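Asks: only geometry, no sequence info:
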């Protein structure tokens, strides 16, 4: 089982309030509630180094299946078990599948926009903001394809409804965090939402998690995507 600190593999701890931490990789100092038990800290920028490779993969992808697309992204070297990279990946996989299923968008420019928006959502917001970044990413996706702005009417409404639908599903399952589970839940919610409101039908496969052995906080049978070994003690 993989541990969590990128420096020493120790478990991550979350603090009640911000403290000033220095990134072990780039030495940037900033406020954070997150560090490992050995007090190492890696900033969001360093944690997501290589994230721009998402655009290249998505531009080559022909699938209408956003789950298949995000699973490919999850296997790339920049992606960890948990982290803010998922805040970009969910929307990017949805944009790609939406385009391939007949959605009328310029994929390259919308992927860049998704990258810019998703990178602004820091790690840990699922616990500190009450809004998982994967769920927010599905709302960003709807905002992008509907060209929503703060002054829009229906697009404003649709993007909020999308985020709410994803967060409701995430909340129904509950914690602790799992970026993979929340990403899958958000994508499933978006597939149904897009079919209903935009008339574009992306593929909606059965999801079986391949990542549970890497997650120290896996909730096992309580997760709708868990099909792994049956353990006596479940979280």
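Replies: Cool, the structure landed. Keep in mind that what you see is a predicted model, and the values were worked out from it rather than measured. Numbering: from 1, shown residues only.

Asks: ok, longest strand in this structure?
Replies: Counting by DSSP state E, the longest strand found in the chain is strand 12-22.

Asks: And the helix or strand just after that strand, what does it pack against?
Replies: Sequence order places strand 29-36 as the next helix or strand after strand 12-22, per DSSP states H and E. Packed against strand 29-36, as judged by 3 or more CB pairs under 8 Å, 6 or more residues apart in numbering; DSSP states H and E, are the following elements: strand 12-22. From N, CA and C alone the C-beta is placed, and that goes for glycine too.

Asks: buried residues in the strand it packs on?
Replies: 12, 21 (16 or more other CB atoms under 10 Å).

Asks: how far out from the middle of the chain is that strand?
Replies: Here the centre of strand 12-22 is set off from its chain's centre by 22 Å, with CA atoms, centre = their mean, to the nearest Å.

Asks: what ranges of the chain fall below the confidence cut-off?
Replies: 1-3, 229-235 (pLDDT under 70).

Asks: can you map out the helices along it?
Replies: For the chain, the helices defined by DSSP state H occupy 44-47, 53-60, 66-74, 86-100, 107-118, 125-128, 133-145, 154-173, 179-198.

Asks: between those helices, which one is nearest to residue 80?
Replies: With CB to CB as the measure, helix 44-47 is the member of these nearest residue 80 (7.1 Å).

Asks: How about residues contacting that closest one?
Replies: 6, 23, 25-26, 28, 80, 83-85, 119, 122-123 (CB atoms under 8 Å, 6 or more residues apart in numbering).

Asks: how much distance is there from that helix to the middle of the chain?
Replies: Relative to its parent chain, helix 44-47 has a centroid offset of 15 Å by CA atoms, centre = their mean.

Asks: Please apply the same query to stretch 44-58.
Replies: With CA atoms, centre = their mean, you get 13 Å for stretch 44-58.

Asks: what does stretch 192-208 give?
Replies: Per CA atoms, centre = their mean, the centroid offset for stretch 192-208 relative to its chain is 18 Å.

Asks: In TSV: the helices of the chain, plus distance to residue 206.
Replies: As requested, these are exported to TSV (distance: least, CB to CB, whole Å):
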stretch	distance to residue 206
helix 44-47	31
helix 53-60	23
helix 66-74	9
helix 86-100	16
helix 107-118	26
helix 125-128	25
helix 133-145	19
helix 154-173	16
helix 179-198	10
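
Asks: Need these in CSV (columns: distance to residue 208 and mean neighbour count).
Replies: Shown next, in CSV, are the helices of the chain (distance: least, CB to CB, whole Å; neighbours: other CB atoms under 10 Å):
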stretch, distance to residue 208, mean neighbour count
helix 44-47, 27, 18
helix 53-60, 22, 16
helix 66-74, 10, 23
helix 86-100, 17, 29
helix 107-118, 25, 18
helix 125-128, 23, 17
helix 133-145, 18, 27
helix 154-173, 16, 18
helix 179-198, 10, 22
